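Colleague: model the structure of this input:
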Amino acid sequence: MKYGIIGRNGKMGNEIYNLFNEKGHLLVFSYDSTGENLLETPDILVDFSLPEVFDKTIEYVEKFKCPLIIGTTGLSEKNIKKLHELAQNVPIVQSYNFSIGIQVLLKLVKIANELLDDVDIEISETHHSFKMDKPSGTAKMIKDVIGKDVNISSLRLGNIPGDHTVYFGNLGEIISISHRALSRRTFAEGVLKSAKFALKAVAGYYTFQDVFEIIINEVK
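Modeller: Prediction:
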């Protein structure tokens, strides 16, 4: 595929470029702090930049009339509403985490939350010290699955790609469900799966959970 990256020089932009290049896909457009580089119209756009660049991302999607994979964290409700509007015309895959393992964790948390009554629930998340939003978008996704207000503890340390743990505890026992990303490649692999999905999808608003469910069905 011919693809474009918004946020090409960021940590995730670099990881996505390396994986897509390894798999034979061609970078034809990029936009970052150094400016715009357009060789050809991309088949699909990937955005892992900052909320400040969101309007520029929308401008490019409308210009190229192509699907968008967006993993930018810290988006506002107004931003999400705009993505839903844009999804009437092109496929959009939006998620704060593109890891298969996190999707499995969300399913396990859902099961534990349904089975356990009268327990204390806490979420902890740790990321690299350059991550600007707090708590992480993934922690918010976990909180949404739990369906009620729970405390989230956030740490910003070193170069940790992402650790998330959910604790369920009462006076007699504690259950913890954890996920640790060992490198950003796992997120890039999810982005590539999402890009292949979006290129075949009809216009609409999708999350990585939708892509994950298709992967599970293919395995079955």
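Colleague: shaky segments in this protein?
Modeller: When residues are selected by pLDDT under 70, those of the chain lie in 219-220.
Colleague: that one: strands as residue ranges?
Modeller: Using DSSP state E, the strands of the chain run over residues 2-6, 26-32, 35-38, 44-47, 68-70, 91-94, 120-127, 151-156, 162-169, 174-181, 204-206.
Colleague: among the ones you listed, which comes closest to residue 103?
Modeller: Closest to residue 103 of these, according to Cβ to Cβ: strand 174-181, at 9.7 Å. Using the backbone N, CA and C atoms, a C-beta is placed for each residue, glycine as well.
Colleague: tell me the helices and strands packed up against the closest one.
Modeller: helix 100-115, strand 162-169 (3 or more Cβ pairs under 8 Å, 6 or more residues apart in numbering; DSSP states H and E).
Colleague: residue 51: which of these is closest?
Modeller: Minimum separation from residue 51 across the helices and strands packed on strand 174-181 (Cβ to Cβ) falls at strand 162-169, 18.6 Å.
Colleague: before we move on, the earlier item: any chance of the strands of the chain in a markdown table, plus mean neighbour count and distance to residue 217?
Modeller: What follows is the strands of the chain, written out as a markdown table (neighbours: other Cβ atoms under 10 Å; distance: least, Cβ to Cβ, whole Å):
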| stretch | mean neighbour count | distance to residue 217 |
| --- | --- | --- |
| strand 2-6 | 24 | 25 |
| strand 26-32 | 19 | 29 |
| strand 35-38 | 12 | 37 |
| strand 44-47 | 26 | 22 |
| strand 68-70 | 27 | 20 |
| strand 91-94 | 24 | 17 |
| strand 120-127 | 20 | 29 |
| strand 151-156 | 14 | 32 |
| strand 162-169 | 20 | 25 |
| strand 174-181 | 15 | 22 |
| strand 204-206 | 17 | 15 |
